[in-house]
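Peer 1: no FASTA, just this:
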């Protein structure tokens, strides 16, 4: 079976995973997208800390919920650090190019 190019669906942006239902606005800049991504990672870190504290005080009994929140926050932080690393490498490469 052969499919046409018009049947291929676009891939959603990375930041959409942290803010369900949010897509990039047509006029939204890279800085705005990055800022919303950083805010989402921060929110996940805070939520994971709160769930850990609630588990430690006995208010949450489900360890799976706590571990899932902590792992999700950890993975999102690792992704953010990789994005930062690649952005810095790109900037350094631009600075090394002769004019």
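Peer 2: Received, thanks. In this text, all values refer to a predicted model and were calculated from it rather than measured experimentally. Numbering: from 1, shown residues only.

Peer 1: I'd like the average pLDDT over the helix or strand hosting residue 40.
Peer 2: Per DSSP states H and E: residue 40 is located in helix 30-56. Averaged across helix 30-56, pLDDT comes to 93.

Peer 1: from the chain's centre, how far out does the helix or strand that comes right after that helix sit?
Peer 2: Using DSSP H and E, the next helix or strand after helix 30-56 towards the C-terminus is helix 63-96. Here helix 63-96 is found 8 Å from its chain centre; the criterion is Cα atoms, centre = their mean, to the nearest Å.

Peer 1: so what does helix 63-96 touch, helix or strand wise?
Peer 2: Secondary-structure packing of helix 63-96 (3 or more Cβ pairs under 8 Å, 6 or more residues apart in numbering; DSSP states H and E): helix 30-56. Where you see a C-beta, it was placed from the backbone N, CA and C, and this is true even at glycine.

Peer 1: So which elements touch the helix it packs on?
Peer 2: Using 3+ Cβ pairs under 8 Å, 6+ apart, helix 30-56 sits against helix 63-96.

Peer 1: Show me what counts as buried in the helix it packs on.
Peer 2: For helix 63-96, the buried set under the neighbour-count rule, 16 or more other Cβ atoms under 10 Å, comprises 66, 69, 70, 73, 76, 80.

Peer 1: ok and the helix holding residue 40 relative to helix 63-96, angle-wise?
Peer 2: Angle of helix 30-56 versus helix 63-96, following axes from the mean of the first three to the mean of the last three Cα atoms, to 10 degrees, is 150 degrees.

Peer 1: Now do the buried residues in helix 30-56.
Peer 2: In terms of neighbour count (16+ other Cβ under 10 Å), helix 30-56 has its buried residues at 33, 36, 37, 40, 41, 44, 45, 48, 51, 52, 55.

Peer 1: mind checking how far residue 51 is from residue 34?
Peer 2: Distance of residue 51 to residue 34, given as Cβ to Cβ, to the nearest Å: 26 Å.
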